[in-house]
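*Asks:* the following block contains a protein sequence and its predicted model.
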Amino acid sequence: MPDMAPTFLLELKQSEDQREVYVTATARMVAKSLAPEINATFIRELLNRGGFALYKVKETDVDELVTVLNETLEQIQAEEDTEDLSFDTNCIAEAVDAEATVTVPSDKLSAVVTVTPAMGGKSITFEDVEALLEEEKVSYGLDNDKLKALLLESEETESEQVSAKVAFALMPIDGRDAEFIPLVPTANERILKPQLREDGTVDMHDLGDLPTVRAGRVLMRKEPPTKGEQGINVFWEFIPPKSGKDHAFKPGTGTGINPENDAELIALISGQPNLLPSGMKVDDAVQVKAVDLHTGNMVLDANLLVKGNIGEGMKVRCEGDITVGGVIESADVKAKGNIIIGKGIIGRPHYDKKDTEFSSNVVAEGDIFAMFASYSKLKTTGDLHVAEQLLHCDVTSEGKVTVGNEKTVGSQIVGGVTRAQSGIETDILGASAGVKTQLDMSGLLSLKQHEISCNHSIIADKEGMLNNMRDAASKFMTLPSTPARQEHIEKIKNTINFLHSEVVEAQERNEKLKQEEDELRHSIQIIVNKKMQPNVSLKLGSAVFNTTRARESGRLYYEKGEIKYLSANMAGSVDK
């Protein structure tokens, strides 16, 4: 006979309500090769084969059962007696019904239902959760589809819990602040909104008449603030909106509030209207048909309105704004305000490599607006707005350079040097023929780096003075003690303390300047809406970027000491 060994025959049975599972263990002798190892895995497999795989296993009771069975087997082995040895165990698995809880954040803007899935027990129903939400007083914004999806997920998941927002508040609509609606066109709007032809296409050359107004004309209407619309939280409580803020008109030069209607701003004089924050101004402009040999060069302290062109070789100096209906052609034009050109700025190409001067020179302490610019030198303290093309120009802007608007297609920067401090945006950058196109965004960065360099010099000078004073204090300490020596030492100590505080202050300023430099680098970027062509170079401080091939739309930006190009069509794809 083969060697025999004691084991247990384990049979599963359920309680009367079929929610608990027990084990009946009966000892028997079997061949050693057939005696299974009784452990927690063996018990779990027994439960799975018995159809109780979904039941919640009581791990502690299973471990206790395994211990009892194995200890009993050792005792049987020693006594070699299995006669009439049979017993029932404690519950080792039980059916657990699904449970749901409702959580409402303190803002009462949503309700979250968390479902603990059933383990052999009853699933939770839509009606069960509805009753629970009602019990928790959640009465508004229930999304039935999200709740049904959550319950379906709880049936299929292997996770211990699943959650979802199933009720949502109706958010209040805050009131609108007072708005100021212009009722007359302005010159810069004229550049940005060209005329439509009868067939619906845009005529970029016909920009309409230059805008002027007569005294008494209503320029702007004020729309009062609104109170907004209240919302409803998930407890069906009303959420008050924020009322819009009221703002008063801020009339500019040549304007005033209509005495018959305080919601209107009117012109007090005839002239050219210009938009201001919360108001408008009317400038008493000098009007001429053109600036040419008939008018001669012009120097004036008023605004200038030129209906036609500023001709070749002419010079204009203006203390206000300059508005030109036609073109500036090979002229020298400077204004303390904005310069608005209806058609464009035209210069002559450099036919001689030694020729570095531009025939067109346009400088504004405000913004410059133009349809196009070619072979010209442009400088602005503000922003440069060009509707169509910027060709072979030397540009310096202390703001942003924008080429293109919502009406244009294929705006382009080709050739020349474009310097800007806060950003550059265009549809196409460079030319397919590989014309060298240079961009330089180092202006503010260079100033910040100069500021850092000056601060380093201050630190070095102060530290040198501090070391000299410490040496002086050491020498005085070796002298015989006298009232005069003590007085000198006190003065030196005071000076040392003062210099030390200045060094600490300069070092703290240095950290702040470095942080500002880093933030400045990361704030500067170039947006290319359609395509960047080869032979485009960008300089940002010591970092340089050069293109050798065409790239699709994207943006150039600075990161970790390098200029990178991120394609708009392939998020996450970065070229260096």
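*Replies:* In hand now; what should we look at? Numbers count the residues shown, from 1 in each chain.

*Asks:* give the phi and psi angles for residue 379, as a check.
*Replies:* Dihedral pair for residue 379: phi -140, psi 130, per degrees, to the nearest 10.

*Asks:* what is it paired to in the beta sheet?
*Replies:* Residue 379 forms beta bridges with residue 363, residue 396, as assigned by DSSP bridges.

*Asks:* which residues touch the nearest residue to residue 393 once chain neighbours are set aside?
*Replies:* Nearest non-adjacent residue to residue 393, counting by C-beta to C-beta, 6 or more residues apart in numbering: residue 416, 4.5 Å away. C-beta: built from backbone N, CA, C; applies to glycine. Counting by C-beta atoms under 8 Å, 6 or more residues apart in numbering, residue 416 makes contact with 390, 391, 392, 393, 394, 395, 437, 438.

*Asks:* so which of those residues wins on neighbours?
*Replies:* Tallying neighbours with other C-beta atoms under 10 Å puts residue 390 at the head of those, with 29 neighbours.

*Asks:* three-state assignment of it?
*Replies:* strand (DSSP: H, G, I helix; E, B strand; the rest coil).

*Asks:* can you verify my assumption that it contacts residue 373?
*Replies:* Yes. Residue 390 lies in contact with residue 373 (C-beta atoms under 8 Å); the separation is 5.5 Å.

*Asks:* for residue 234, grab the count of nearby residues.
*Replies:* There are 27 residues near residue 234, going by other C-beta under 10 Å.

*Asks:* shouldn't it be in contact with residue 140?
*Replies:* Yes. Judged on C-beta under 8 Å, residue 234 makes contact with residue 140 at a distance of 5.4 Å.

*Asks:* shared neighbours of these two, anything?
*Replies:* With C-beta under 8 Å, 6+ apart as the test, residue 234 and residue 140 both reach 167, 169.

*Asks:* tell me the SS of residue 323?
*Replies:* strand.

*Asks:* report the contact partners of it.
*Replies:* Residue 323 neighbours (C-beta under 8 Å, 6+ apart): 187, 210, 272, 285, 303, 304, 305, 306, 340, 342.

*Asks:* quick one, phi psi at the nearest residue to residue 263 once chain neighbours are set aside?
*Replies:* Once flanking residues are discounted, residue 263 sits nearest to residue 222: 4.6 Å by C-beta to C-beta, 6+ apart. Main-chain torsions, residue 222, degrees, to the nearest 10: phi -100, psi 120.

*Asks:* count of neighbours near residue 222?
*Replies:* Around residue 222 there are 21 residues (other C-beta under 10 Å).

*Asks:* any idea how far residue 395 is from the residue nearest to residue 393?
*Replies:* Separation of residue 416 from residue 395 (C-beta to C-beta, to the nearest Å): 7 Å.

*Asks:* do the same with residue 259
*Replies:* With C-beta to C-beta as the criterion, residue 259 and residue 395 are 46 Å apart.

*Asks:* domains for this structure, by residue range?
*Replies:* Following automatic domain parsing, one gets these domains for the chain: 4-94, 99-168, 179-281, 445-523.

*Asks:* mean pLDDT lowest for which of those domains?
*Replies:* When the domains of the chain are ranked by mean pLDDT, domain 445-523 comes last with a mean of 78.

*Asks:* off-centre distance for it?
*Replies:* How far domain 445-523 lies from its chain's middle: 40 Å, per C-alpha atoms, centre = their mean, to the nearest Å.

*Asks:* which residues does residue 291 form a beta bridge with?
*Replies:* residue 310.

*Asks:* let me see the contact set for it.
*Replies:* So residue 291 contacts 297, 298, 306, 309, 310, 311, 314, 316, 331 (C-beta under 8 Å, 6+ apart).

*Asks:* how about residue 293, what does it touch?
*Replies:* residue 311.

*Asks:* biggest helix in this structure by residues?
*Replies:* The longest helix of the chain (DSSP state H) is helix 483-523.

*Asks:* following that one, which helix or strand comes up?
*Replies:* Downstream of helix 483-523, the next assigned helix or strand under DSSP states H and E is strand 525-532.

*Asks:* mind listing residues that contact that next one?
*Replies:* 404, 410, 423-430, 439, 441, 538, 547, 550-558, 565.

*Asks:* show me those that map onto strands.
*Replies:* Using DSSP state E, the members of these that fall in strands are 423-429, 439, 538, 551-558, 565.

*Asks:* show the average pLDDT along stretch 344-355.
*Replies:* 78.

*Asks:* per-residue pLDDT, residue 433?
*Replies:* Here the pLDDT value assigned to residue 433 is 89.

*Asks:* that one: how many residues sit nearby?
*Replies:* By other C-beta under 10 Å, 9 other residues sit near residue 433.

*Asks:* could you look up the SS state of it?
*Replies:* coil.

*Asks:* and the gap between it and residue 327?
*Replies:* Residue 433 is 26 Å from residue 327, by C-beta to C-beta.
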